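*Asks:* Have a look at this prediction, sequence included:
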Protein chains: 4
Amino acid sequence: MSGNHTGRLFVVSTFGESHGPAIGCTIDGCPPGVPLDAATIQADLDRRRPGTSRYVTQRRETDEVEILSGVFEGVTTGTPIGLLIRNTDARSRDYSDIARRYRPGHADASYDAKYGIRDYRGGGRSSARETATRVAAGAVARQMLARDYGVTLQGCLTQIGGITAGQMDWSAVPENPFFFPDPDRVEEIEEYLQSLRKSGDSIGARVHVEAHGLPAGWGEPVFDRLDADLARALMSINAVKGVEIGAGFASVEQRGSEHRDERTPEGFLSNNAGGVLGGISSGQPLTADIALKPTSSILIPGQSVDADGQPVEVVTKGRHDPCVGIRAAPIAEAMVALVLADHALRHRAQNPERDPRRS
Amino acid sequence: MSGNHTGRLFVVSTFGESHGPAIGCTIDGCPPGVPLDAATIQADLDRRRPGTSRYVTQRRETDEVEILSGVFEGVTTGTPIGLLIRNTDARSRDYSDIARRYRPGHADASYDAKYGIRDYRGGGRSSARETATRVAAGAVARQMLARDYGVTLQGCLTQIGGITAGQMDWSAVPENPFFFPDPDRVEEIEEYLQSLRKSGDSIGARVHVEAHGLPAGWGEPVFDRLDADLARALMSINAVKGVEIGAGFASVEQRGSEHRDERTPEGFLSNNAGGVLGGISSGQPLTADIALKPTSSILIPGQSVDADGQPVEVVTKGRHDPCVGIRAAPIAEAMVALVLADHALRHRAQNPERDPRRS
Amino acid sequence: MSGNHTGRLFVVSTFGESHGPAIGCTIDGCPPGVPLDAATIQADLDRRRPGTSRYVTQRRETDEVEILSGVFEGVTTGTPIGLLIRNTDARSRDYSDIARRYRPGHADASYDAKYGIRDYRGGGRSSARETATRVAAGAVARQMLARDYGVTLQGCLTQIGGITAGQMDWSAVPENPFFFPDPDRVEEIEEYLQSLRKSGDSIGARVHVEAHGLPAGWGEPVFDRLDADLARALMSINAVKGVEIGAGFASVEQRGSEHRDERTPEGFLSNNAGGVLGGISSGQPLTADIALKPTSSILIPGQSVDADGQPVEVVTKGRHDPCVGIRAAPIAEAMVALVLADHALRHRAQNPERDPRRS
Amino acid sequence: MSGNHTGRLFVVSTFGESHGPAIGCTIDGCPPGVPLDAATIQADLDRRRPGTSRYVTQRRETDEVEILSGVFEGVTTGTPIGLLIRNTDARSRDYSDIARRYRPGHADASYDAKYGIRDYRGGGRSSARETATRVAAGAVARQMLARDYGVTLQGCLTQIGGITAGQMDWSAVPENPFFFPDPDRVEEIEEYLQSLRKSGDSIGARVHVEAHGLPAGWGEPVFDRLDADLARALMSINAVKGVEIGAGFASVEQRGSEHRDERTPEGFLSNNAGGVLGGISSGQPLTADIALKPTSSILIPGQSVDADGQPVEVVTKGRHDPCVGIRAAPIAEAMVALVLADHALRHRAQNPERDPRRS
């Protein structure tokens, strides 16, 4: 299968450009009987949707999802679930002057090197708009994971530039426009983003994701490790430059006696592993962190070249996020959900006796 | 395909346990005409081989590779390349007391949760021994990449615990037992590892990999991004807990005006992207870093449980590396080579006009 | 990937039920630059469309295709091509009485055994309506095959019940409602189908497909033989019970000296191989035949059981084809085109020096 | 994955040439706990082994299998099962004169067209020797199918040239060297093959395979139909030119009222479907037939060309089967077993509530 598919049994394929008529996805392999309606998917889409605060892109997309197949009388049927989202606010005029000028830090030049043709009206498949379809697919995966295993997922922004969350108050996350778990620093972020906008610049971010309730036994020991598939899924999100599982890069300076998670009959004493040992879930919560680069769509002129290799100075107008991390948590949750759903099915295929599925 | 395969067109599958008769792999999809003999593969295997210095495990494996198929008169034929490595020093007695005692930080318990059965004589498929077959397969990928594109790869240890390389002197790497690029700190590392051994503990590490010469255009925009597939490949190496491409987690605190790699007709002015933009290679060198956790096989007793859930104290004897990062660079290079070989073939399948293959 | 996808590099996934809002497909991996517009796809769809003569189902579907993505300024861009066909004449009332009564010869019972749930308003994914999306995807494959290799495909009905074509006059095929190559027997077929309708019965058929212009070298020697992948593709068409390549079952009674296709510098002297030797195309035309069973949707009552295992007598009303073979040629051509497109890309990935692509 | 792999969850990959040091395979994804030892695999290999009667090739291979991994204390562990068979009687001198002369009806020319290089000492991957590894892998699949579902498989030769079995006496099959179910015609076959040898010619055959005990619900409705995957698996066997499921090509002349298998609470009244309806197993026995062409390796001279396109006359010496169908039944059974094992795992992944696995 080609590069717009992911998963082996719970397979998602997406299509659509930011400036075409529609984007969409197909979920193939979802078990039958999972409760699903458009409203459930819409709830996740709304968390990722642009235009919800002044801190994100002002593109106005309703992101209204239509279920085209695979659902009958409120539950999935086991056949492919087709989802469609029409594009309603694709203003291509903002982009027309950059058809042949490669924006620094963008995929324009690598896209041209690959395909030799490009829908220059927008980022095409490189646009973050594509991630709406991932969130929609992730919503289906979450429904399945919740029904069969009681697995739940949550994510939040934990760092924006130099501002780091000093506490993990999950109740605060939906209460501020940054999905930030430390309410004491929300004002600081607001001020920081205001000044950033004035300077026409952007900033990087760190997002944290957790999954709770997953049983021990998901994943495989070699190439298809659970953590390896999570790393791929998370690194495939636009702007992600780093992925950590559990202690991540902090492991470099840890001793074995410190890192290994000791265990008593009452449970583990720590979670440096982030819930995965030897590529297989350990029964602890899964934890992952991602680093998102600052968007390259900024108002500060930058040196680049055009399609003929001539030097140009590029300013990226249009409607862009000053920090793509702000809307990234639902996407990261969705990608983790897709990986977990796939491994859940794979595990029960090979090891049905050890499948703790709820009856 | 199941979890012991990787790649879509340049497909590698591995088999074998640390304490069985042999390990091996099959490389399916390699183009014909690539020069290949056992000596070439052996050279890479020897860099990963145990027992080469007193700082690594003393298990004595010759790791001698036999080519079973796919090569005729010194070149590949396009048919599957079967490689076999016999195990010669599998002392299972060291492990017998831990058959039912889950070692903290190991895959023992998650393995049992998954399969309900385990070859307790060793780590089974979780053993780092399996990585020998990856290095062998990687050697084949490197031959193809060199012949068709002039791509070369190199890797080294850049941090061990708190000791970080202050310079990147690649010529120093093969000259010390740690594959460390800063010769001024080799003595410090030696002393540190001596003291670590005395305390019976282990330490984490950071390994850096680079690929040079790859053209712009490899990779895809959505799920099968080049960086996503690299993240999966690198995270699938034993003990890896984090992966960075280019600036990695440093991106979190970078501004857009700093991170984006500006460009002139003479080339890029920086490489924060690590050679990948929008999931597609940009023509710059590819750079990646990985965090390796300290091995959990240490002499310091740790709390755990046995297969019945009863509390036990575990000491892991046997012959283990105090720092798994020391032998990890060849493995990381191999995994990067496998990903690049696969994407090279995929790119030329879809976009043959933009394939810069050497004639 | 799950069961609604086909192909490795030229990947098609389909979704949609016969009685839902829409059906559709995604083509992932199509090379860029291939001329494509809705009219080209529509032409193939119209050949398969129901309601075009009194000898096929009277369901009235316009089968109007909308291109949602992957095409820009009249050519493909290399990104996924999303195609959508709205259902406009889904009369579910005809089916309501059979929700729990398993029609003999239908997939009703096996569907329930598999999923435990079924959209009883129609055949769901088992409906021949799904094949419209295959024809649409096949049209894209044909465009690519024509542009890059000059490959063309054609198909026709060669037998319907006991009436066999006595000649292969391809010019006659589009001139009669049966796509039959022997104009001398068209009247006989008309009369036969009239009498069949009166009796409320149906009849089987044989369809022949050919591809011309494909080069030697496509396919692989073992599992992914070109003929094996063709067999899978053709057998996956609704109602197909047998597949032959070249001489097919006639080979059973042939001697080696008769079957082997001798060859001179001027070309092959026969084509018993049907264009494939050792799983790899030989450079001769590809020929395949399929057997289609008579549809089980007939007016003659048949014994069956209901979902509770109780005996029932079933009559299938609704609007059905008396001979599904009549509309099957475009579907068979499409499936062959998809296999050829996939193997064309695979061959040039591994063996670019031997790719005879047109410059 | 590339062309020497088959299956999605129960994945088999094979390697090895007829004239190299060894052939082998890896089975990845087999559930743990399945009883397995070398003797079980050997029993199936011995049925396919050459040199067992004067009616088959006189090549003397012991086909002794070595289990390299994936089995511990007599049962599978869930990790990859590596199997190795050393070649012991590879007389390459018989083939040396045909390095550049394309044998009519062989894959020589299409192989060269594909790869541009060929191990001319034998058929390479096109050799029927490769099928030994399929039989070995099939033996593992059979063990799993028997343990989990009580599924059994059997196959036999039903036609050789014009001689057709008049009865299906399964007890006769192992009692004659042709695996023929009609003991009354064994002498006729013996005489026929003697005369065939004298004339230096070969003959085609038909082989029948059945699987009993498989539950309803295996397979999928669209591309991955059970019958489609069976068609691919069977057509991938050397020399196969046609595949039928159930009534096969006889369906062409059947009426719907005749073909559809009516059903009562006591069971089906016929099995024209061959056990598959809508791509999903119906609960009836699975039946399939294949047509095998006469081997092209005959002593009668034939016209061909050499690698330079010059006319040559070719006689194929060496040790060949006059009728490849004689040894084909175990291969066909093995391929069916691999498909069933894969679909069994796929079904229970998606639909665990409807998995009738034995506890």
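*Replies:* Cool, got the structure.

*Asks:* C-alpha from now on. contacts and neighbour counts both.
*Replies:* OK.

*Asks:* surely A:P221 meets A:G279?
*Replies:* Yes: using C-alpha atoms under 8 Å, A:P221 is in contact with A:G279, at 5.1 Å.

*Asks:* Pick out whichever of the two has more residues nearby.
*Replies:* Set side by side, A:P221 and A:G279 show more neighbours around A:G279, with 29 against 24, by other C-alpha atoms under 10 Å in any protein chain shown.

*Asks:* For that one, which non-adjacent residue is spatially closest?
*Replies:* Nearest in space to A:G279, with sequence neighbours left out and distances taken as C-alpha to C-alpha, 6 or more residues apart in numbering or on different chains, is A:R225 at 4.0 Å.

*Asks:* tell me the contacts of the one you found?
*Replies:* Residues in contact with A:R225 (C-alpha atoms under 8 Å, 6 or more residues apart in numbering or on different chains) are A:G219, A:G278, A:G279, A:I280, B:G3, B:S236.

*Asks:* And the pLDDT at it?
*Replies:* On pLDDT, A:R225 comes in at 98.

*Asks:* same thing with A:G318?
*Replies:* 68.

*Asks:* before we move on, back to that, give me the lowest-pLDDT entry from the contacts of A:R225.
*Replies:* On pLDDT alone, B:G3 ranks lowest of these, at 90.

*Asks:* ok, and the closest non-adjacent residue to that one?
*Replies:* Nearest one to B:G3, counting by C-alpha to C-alpha, 6+ apart, is A:D224 at 4.7 Å.

*Asks:* what does the stretch 1-150 of chain A put close to chain D?
*Replies:* Within reach of chain D by C-alpha under 8 Å from any C-alpha of the partner chain, the stretch 1-150 of chain A has these residues: A:L9, A:G29, A:C30, A:P31, A:P32, A:G78.

*Asks:* ok, so of these, who is nearest chain D?
*Replies:* Distance to chain D across the residues of the stretch 1-150 of chain A next to chain D (C-alpha to the nearest C-alpha) is lowest for A:P31, with 4.9 Å.

*Asks:* give the contact list for A:G116.
*Replies:* Contacts of A:G116 (C-alpha under 8 Å, 6+ apart): B:R354, C:P32.

*Asks:* let me fix that: A:P265
*Replies:* So A:P265 contacts B:S304, B:V305, B:G309, B:Q310, B:P311 (C-alpha under 8 Å, 6+ apart).

*Asks:* And A:P322, by the same measure?
*Replies:* A:P322 is in contact with A:Y55, A:V56, A:T57, A:L193, A:L196, A:R197, A:D201, A:S202, A:I203, A:P294, A:T295, A:I298, counting by C-alpha under 8 Å, 6+ apart.

*Asks:* before we move on, what SS does A:G82 have?
*Replies:* For A:G82, the assignment made with DSSP: H, G, I helix; E, B strand; the rest coil gives strand.

*Asks:* For A:P311, which non-adjacent residue is closest in space?
*Replies:* Once flanking residues are discounted, A:P311 sits nearest to A:V305: 4.4 Å by C-alpha to C-alpha, 6+ apart.

*Asks:* Which of the three states applies to that neighbour?
*Replies:* strand.

*Asks:* if we can go back for a sec, can you tell me which of the contacts of A:P322 lies closest to C:F268?
*Replies:* Taking C-alpha to C-alpha as the measure, C:F268 sits nearest to A:T295 out of the contacts of A:P322, at 61.0 Å.

*Asks:* thinking that closest one is in contact with A:G200, fair?
*Replies:* No: A:T295 is beyond contact range of A:G200, at 11.3 Å (criterion: C-alpha under 8 Å).

*Asks:* quick one, which of these two is more surrounded?
*Replies:* Shown here are A:T295 and A:G200; by other C-alpha under 10 Å, A:T295 has more neighbours (25 against 16).

*Asks:* any low-confidence regions in the stretch 201-350 of chain A?
*Replies:* A:318-319 (pLDDT under 70).

*Asks:* again, 80 this time
*Replies:* Residue ranges of the stretch 201-350 of chain A with pLDDT under 80: A:317-320.

*Asks:* so where's the longest helix in chain A?
*Replies:* In chain A, with assignment by DSSP state H, the single longest helix is helix A:329-350.

*Asks:* Show me which residues of the stretch 151-300 of chain A are close to chain D?
*Replies:* Counting by C-alpha under 8 Å from any C-alpha, none of the residues of the stretch 151-300 of chain A come close to chain D.

*Asks:* mind listing the helices in the stretch 151-300 of chain A by residue range?
*Replies:* Residue ranges of the helices in the stretch 151-300 of chain A, as given by DSSP state H, counting those that start in this stretch, are A:186-199, A:226-235, A:256-259.

*Asks:* Show me what the last one is packed against.
*Replies:* Packed against helix A:256-259 by the contact rule (3 or more C-alpha pairs under 8 Å, 6 or more residues apart in numbering or on different chains; DSSP states H and E) you find no helix or strand.

*Asks:* Need the contact partners of it.
*Replies:* If you take C-alpha under 8 Å, 6+ apart as the criterion, helix A:256-259 is touched by A:251, A:272-273, B:105, B:201-204, B:293-298, B:300, B:302.

*Asks:* For the residue nearest to B:G3, give me its contacts.
*Replies:* Going by C-alpha under 8 Å, 6+ apart, A:D224 touches A:G279, B:S2, B:G3, B:N4, B:H5, B:S236.

*Asks:* give me phi/psi at it?
*Replies:* phi -90, psi 40 (degrees, to the nearest 10).

*Asks:* Can you give me the separation between it and D:D229?
*Replies:* With distances taken as C-alpha to C-alpha, to the nearest Å, A:D224 is found 25 Å from D:D229.

*Asks:* Is there proximity between the longest helix of chain A and chain D?
*Replies:* Yes: taking C-alpha under 8 Å from any C-alpha as the criterion, helix A:329-350 and chain D are in contact, through A:L345, A:R346, A:H347, A:R348, A:A349, A:Q350.

*Asks:* Work out the gap between that helix and the centre of the chain.
*Replies:* 13 Å (C-alpha atoms, centre = their mean, to the nearest Å).

*Asks:* by contact count, what packs against that helix?
*Replies:* Under the contact rule (3+ C-alpha pairs under 8 Å, 6+ apart), helix A:329-350 is packed against helix A:38-48, helix A:131-149, strand A:152-160, strand A:205-212, helix A:226-235, helix D:329-350.

*Asks:* Much appreciated, bye for now.
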